[in-house]
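Visitor: got a predicted structure here, sequence first:
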Amino acid sequence: MKTIIMQPTYLPWMGYFDLIDQSDVFVFLDTAQFEKQSWQQRNRLLTPNGLEWITVPVLIKGRFGQPIREVEIKPYKFPEKHIRQIRQNYGRAPFFNQYSEELFDLLVDASKDLSLCHLNIELIRWCCAKLSLQATFKRSSEMGIQGKRSELLVNILDSLQSKIYVSPLGSLDYLREDRHWFMDRGIDIFFQNFTHPEYRQVYAPFTPGASIIDLLFNRGDESLAVLRSGRGNARPFHEVDV
């Protein structure tokens with residue numbers, strides 16, 4: 001069984017969904033420490049001026065070290081601002097009308113309880129449904145598993161009886177330091193091999209790295225095929241750590 005463990009982030013980019021598409025079980029690491037101004041609370045839209053941030057406002061004063069699952073959205077109507085920005089920049093996209101109203105309704109509804117984690121997970125699951133991705137989702141906070149950093153990861157993998165762990169390449173440095181945790185449990189580490197595919201966007205030339213909604217609004221029902229066209233074979237640890 002192939003397991004992937006990632007923090008729940010806000011309207012992630014294509015590579016995040018490539019990982020979901022490869023997983024048998026996808027675990028939202030909502031027990032990780034929140035980092036302000038990170039992907040956990042923001043992402044990027046493509047605008048006439050290039051990529052621009054949209055950020056979910058959250059409460060951070062006096063809350064240093066809080067886990068993602070405890071982060072509260074500031075109690076003011078941020079969804080309206082994001083809806084306006086999305087509409088302004090994607091209103092002319094060919095599949096905007098196919099997805100926009102459902103997305104906007106979800107943005108409003110999922111933010112009502114002021115939980116950033118809940119909002120992020122609901123949006124990710126919605127995007128997966130639109131992409132027809134099939135995976136079993138779990139939250140680390142609901143699994144009753146202890147540990148820090150890689151110790152926590154291998155404990156999660158053990159609880160799922162999973163011997164294959166796939167990670168984004170950006171985790172190489174800390175996995176190099178912590179590889180012994182995985183080796184001791186007989187868990188093989190593989191790294192994602194994803195090249196951002198190009199497709200027609202509202203604004204030329206093509207700009208990679210936008211939120212997944214850029215793909216959905218521009219390619220509609222073809223989005224999954226575009227997403228999968230960027231995937232190479234996952235690379236084992238020894239091939240990457242050279």
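Guide: Looks like it arrived, so ask away.
Visitor: average pLDDT across the helix or strand residue 175 falls within?
Guide: Taking DSSP states H and E as the definition, residue 175 sits inside helix 172-184. Here helix 172-184 scores 92 as its mean pLDDT.
Visitor: likewise for stretch 129-142?
Guide: 95.
Visitor: what's in contact with that stretch?
Guide: Residues outside stretch 129-142 that contact it (C-beta atoms under 8 Å, 6 or more residues apart in numbering): 5, 17, 20-21, 23-32, 67, 69, 99, 121, 125, 128, 152, 156, 212, 216, 223-224, 227. (C-beta placed from N, C-alpha, C; glycine too.)
Visitor: filter these to the buried ones?
Guide: Neighbour-count burial (16 or more other C-beta atoms under 10 Å) is assigned, among those, to 5, 17, 20-21, 23, 25-32, 69, 99, 121, 125, 128, 152, 156, 212, 216, 223-224, 227.
Visitor: hang on, the earlier thing: got the buried residues for the helix holding residue 175?
Guide: In terms of neighbour count (16+ other C-beta under 10 Å), helix 172-184 has its buried residues at 175, 178, 181-182.
Visitor: export it to CSV, keeping only CA atoms.
Guide: Extracted in CSV, the C-alpha atoms of helix 172-184 (Å, rounded to 0.1, in the frame of the first residue of the first chain):
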residue,chain,number,x,y,z
LEU,A,172,15.0,15.3,0.8
ASP,A,173,17.2,17.1,3.3
TYR,A,174,15.3,16.1,6.4
LEU,A,175,14.6,12.6,5.1
ARG,A,176,18.4,12.2,4.6
GLU,A,177,18.9,13.0,8.3
ASP,A,178,16.0,10.8,9.4
ARG,A,179,16.2,7.9,7.0
HIS,A,180,17.1,5.5,9.7
TRP,A,181,13.6,5.7,11.1
PHE,A,182,12.3,4.3,7.8
MET,A,183,15.0,1.7,7.3
ASP,A,184,14.5,0.3,10.8
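Visitor: end-to-end on stretch 19-34?
Guide: This stretch, stretch 19-34, spans 21 Å end to end (C-alpha to C-alpha, to the nearest Å).
Visitor: quick one: distance of it to the chain centre.
Guide: How far stretch 19-34 lies from its chain's middle: 8 Å, per C-alpha atoms, centre = their mean, to the nearest Å.
Visitor: inside strands: which ones of the buried ones among the contacts of stretch 129-142?
Guide: Counting by DSSP state E, the part of the buried ones among the contacts of stretch 129-142 found in strands is 5, 25-28.
Visitor: now distance to residue 92 too, for those, in a markdown table please.
Guide: Converted to a markdown table, these look like this (distance: C-beta to C-beta, whole Å):
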| residue | distance to residue 92 |
| --- | --- |
| 5 | 38 |
| 25 | 39 |
| 26 | 33 |
| 27 | 38 |
| 28 | 34 |
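Visitor: could you work out the most separated pair of the residues you listed?
Guide: The distance between the two most remote of those (C-beta to C-beta) is 10.8 Å, for 25 and 28.
Visitor: shaky segments in this protein?
Guide: Within the chain, the ranges that satisfy pLDDT under 70 run 242.
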